[in-house]
Structure formats: C-alpha cells, structure tokens
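K.L.:
Here is my input; please provide its structure:
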Amino acid sequence: MSYNVVGILKECLRDFGRDDLVVDNLDNHSTITIDIDKRPSINITDQDGTIMLWATVAEYNEYTLGQVSGPLLTWQVEASYPQFSIGQPALCKGEANLELCAALQPSCFDSKENFSAALEHFFNHLVFVHDLLHN
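P.N.:
The predicted model follows:
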C-alpha cells in the first residue's frame, strides 16, 4: 500500500506550529529526517510498504543499558499505543548504536490526528530514552 507520508507530515508539522521544519523538496521515496529541539533526528522511511519511525539514541553500551534496565523495562511494558505495532516503540541494536524504532499502523494515515498522535508518542519516548541513557 502506498501512503502520502509527505503530505500528512507537512500538515502535522504546521499544526504543531513547526513550519520551520517543513521542507518543500521532500518525497515519499526517500528517508525523511526531522530535527526537533536538539534531540536525535527522527527518521521516517518506507520499508517494504511499512512506514517506520526510527532514531539513533546512543552508542550501544552494555554497561549503560544495565544501569538503566529497570526504567527501560518498565517503559517498554507500559508503552502501548494503537498507532504502532505491538511491542513498539522498541529499542533495537544497530551496528554500533541503540535505535528507537516503531512500525506505524495503516490507521495512522486515516487522518492527520492519528499521524500526529504517532509522532507525538514517538517523540516523547525518544526524549525519555535519550535522557535516561545520557544522564
């Protein structure tokens, strides 16, 4: 299924009062990167028809993960939103980094409110995880 990610994203950013983040030359076939308030970039990409949100939150470090495993586990267990696939957003190990990833449900593209809710939930989780790993 094909989604107009660019169109709905631009509407959401305008509704958030973030016209400064709206770029005219975006297309639905490339990874879209959003930089918000000195936080890790949020990337939006199409992976075989599934729209993914992801962000690099830190270098992968087993010691740091061990130190924050309690709050991370609680966060993961309590995080449940209809905008994302079950168990997401999730922390994933990249090549050398820890990434926050979430697959969007098709219903996110039914309205800009649904898509906005997904962006807002993802950003809030990104802030929580990033702050936890960097403090």
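
K.L.:
which helices and strands does the top strand by length along the chain pack with?
P.N.:
In the chain, assigned by DSSP state E, the strand with the most residues is strand 50-59. Packing partners of strand 50-59 (3 or more Cβ pairs under 8 Å, 6 or more residues apart in numbering; DSSP states H and E): strand 42-47, strand 97-103, helix 112-134. Placement of C-beta: from N, CA and C, glycine included.

K.L.:
Of all the residues in the second one, which ones are buried?
P.N.:
Residues of strand 97-103 classed as buried by neighbour count (16 or more other Cβ atoms under 10 Å): L98, E99, L100, C101, A102, A103.

K.L.:
Low-confidence regions, the chain specifically.
P.N.:
The chain contains residues with pLDDT under 70 at 1, 19-29.

K.L.:
I'd like the distance between the residue lying farthest from the centre of it and S30.
P.N.:
The centre of the chain is farthest from one residue, Y63, which by Cα atoms, centre = their mean lies 24.4 Å away. Distance, Y63 to S30, by Cβ to Cβ, to the nearest Å: 36 Å.

K.L.:
And L119, by the same measure?
P.N.:
Between L119 and S30 the computed distance is 18 Å (Cβ to Cβ).

K.L.:
of these two, who's got more company?
P.N.:
Neighbours per residue, other Cβ atoms under 10 Å: of L119 and S30, the larger number sits with L119, 23 against 12.

K.L.:
residues in contact with the more buried one?
P.N.:
Residues counted as contacts of L119 (Cβ atoms under 8 Å, 6 or more residues apart in numbering) are C12, I42, L53.

K.L.:
correct me, but the last one touches P89?
P.N.:
This points to L53. Yes: using Cβ atoms under 8 Å, L53 is in contact with P89, at 7.5 Å.

K.L.:
Are there residues contacting both of those two? Which ones?
P.N.:
Common contacts of L53 and P89, defined by Cβ under 8 Å, 6+ apart, comprise C101, A102, F122.
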